[in-house]
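**Q** How does the following fold in three dimensions:
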Amino acid sequence: MNQLVERFDDEGTDREPVAESDRPRIDVSDLQAKGVEEFVRTNVGTDRVSLEHRGSHTYLVVEE
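**A** Next up, the predicted model:
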């Protein structure tokens, strides 16, 4: 389940604006924590990742 998503402006929240970034974000909202760990291990070429919450979505952000 690979879903690369592009950055979007989420004006529906009270968060501070995020600096424009070209780091890949993968929507992992439908995965449980164990599923995210397995996804990173099998599909991402690095373990340098973080999670970003935006509204009701959770994104895996690949740190370069």
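
**Q** ok, residues contacting stretch 41-48?
**A** Under the contact criterion Cβ atoms under 8 Å, 6 or more residues apart in numbering, stretch 41-48 has outside partners 2, 26, 40, 60, 62, 63, 64. In this view, the C-beta of every residue, glycine as well, is placed from N, C-alpha and C.

**Q** Closest to residue 50 out of these?
**A** Of all these, residue 50 sits closest to residue 63, with 6.3 Å by Cβ to Cβ.

**Q** For the contacts of stretch 41-48, give me a markdown table that also has distance to residue 46 and secondary structure.
**A** Formatted as a markdown table, the contacts of stretch 41-48 follow (distance: Cβ to Cβ, whole Å; DSSP: H, G, I helix; E, B strand; the rest coil):
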| residue | distance to residue 46 | secondary structure |
| --- | --- | --- |
| 2 | 15 | coil |
| 26 | 13 | strand |
| 40 | 8 | helix |
| 60 | 11 | strand |
| 62 | 7 | strand |
| 63 | 7 | coil |
| 64 | 8 | coil |
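
**Q** Serialize those residues to JSON lines and add fields for distance to residue 48, neighbour count and pLDDT.
**A** What follows is the contacts of stretch 41-48, written out as JSON lines (distance: Cβ to Cβ, whole Å; neighbours: other Cβ atoms under 10 Å; pLDDT from 0 to 100):
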{"residue": "2", "distance to residue 48": "18", "neighbour count": "8", "pLDDT": "56"}
{"residue": "26", "distance to residue 48": "14", "neighbour count": "21", "pLDDT": "89"}
{"residue": "40", "distance to residue 48": "10", "neighbour count": "18", "pLDDT": "89"}
{"residue": "60", "distance to residue 48": "11", "neighbour count": "20", "pLDDT": "91"}
{"residue": "62", "distance to residue 48": "7", "neighbour count": "17", "pLDDT": "89"}
{"residue": "63", "distance to residue 48": "4", "neighbour count": "10", "pLDDT": "84"}
{"residue": "64", "distance to residue 48": "8", "neighbour count": "9", "pLDDT": "73"}
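
**Q** got the residue ranges for the helices in this structure?
**A** Remark: helices assigned in the chain by DSSP state H are 33-43.
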